[in-house]
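*Asks:* the sequence and its predicted three-dimensional model are supplied below.
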Amino acid sequence: ENFPEVAKDAFCNKIKHVDLQIIEWIGPKIEELLKNAWINSFKKLRDISPNELKVILDRGGKQFSLANPTTWWEQAKYAFNKKWNELEKFQELLGKK
């Protein structure tokens, strides 16, 4: 049975990949580590404490020991609310650009 195009688009948009690498200091390996811990959305990243994130990073091994998740929740808040300009300005303050 074929889905109407509108329904197909809505379904596809709901399950699209969330790119956590938009967040400064999250690369492919940290993103994989977070998603394995069910941190797979900006909302979840926004709502988890830096201390809880540090525990997840520590479980991943010492290659993640230099990662500093203290600003991830705030960056995720901007991304969750689709405030891309504010996110970019915040990341500039962090030294991204």
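*Replies:* Received the coordinates, thanks. Given the structure is predicted, the values throughout are model-derived calculations rather than measurements.

*Asks:* quick check: closest non-adjacent residue to the residue most central in space within the chain.
*Replies:* Centrality entry for the chain: nearest residue to the mean C-alpha point is Leu20, 3.0 Å, by Cα atoms, centre = their mean. Computed as Cβ to Cβ, 6 or more residues apart in numbering, the closest residue to Leu20 that is not its neighbour in sequence is Glu31, at 4.6 Å. Just so you know, the C-beta spots here come from the backbone N, C-alpha and C atoms, and that holds for glycine as well.

*Asks:* phi, psi of that neighbour?
*Replies:* Per-residue torsions, Glu31: phi -60, psi -40 (degrees, to the nearest 10).

*Asks:* can you check Trp25 too?
*Replies:* Here is the backbone geometry of Trp25 (degrees, to the nearest 10): phi 80, psi 10.

*Asks:* starting at the chain centroid, how far to the host helix or strand of Glu52?
*Replies:* Using DSSP states H and E, Glu52 sits within helix 50-60. Here helix 50-60 is found 14 Å from its chain centre; the criterion is Cα atoms, centre = their mean, to the nearest Å.

*Asks:* pull out the buried residues from it.
*Replies:* Leu53, Lys54, Ile56, Leu57, Gly60 (16 or more other Cβ atoms under 10 Å).

*Asks:* list the contacts for the residue nearest to Trp73 when sequence neighbours are not counted?
*Replies:* Once flanking residues are discounted, Trp73 sits nearest to Arg46: 5.2 Å by Cβ to Cβ, 6+ apart. Contact analysis of Arg46 by Cβ atoms under 8 Å, 6 or more residues apart in numbering lists Trp73, Ala76, Lys77, Phe80.
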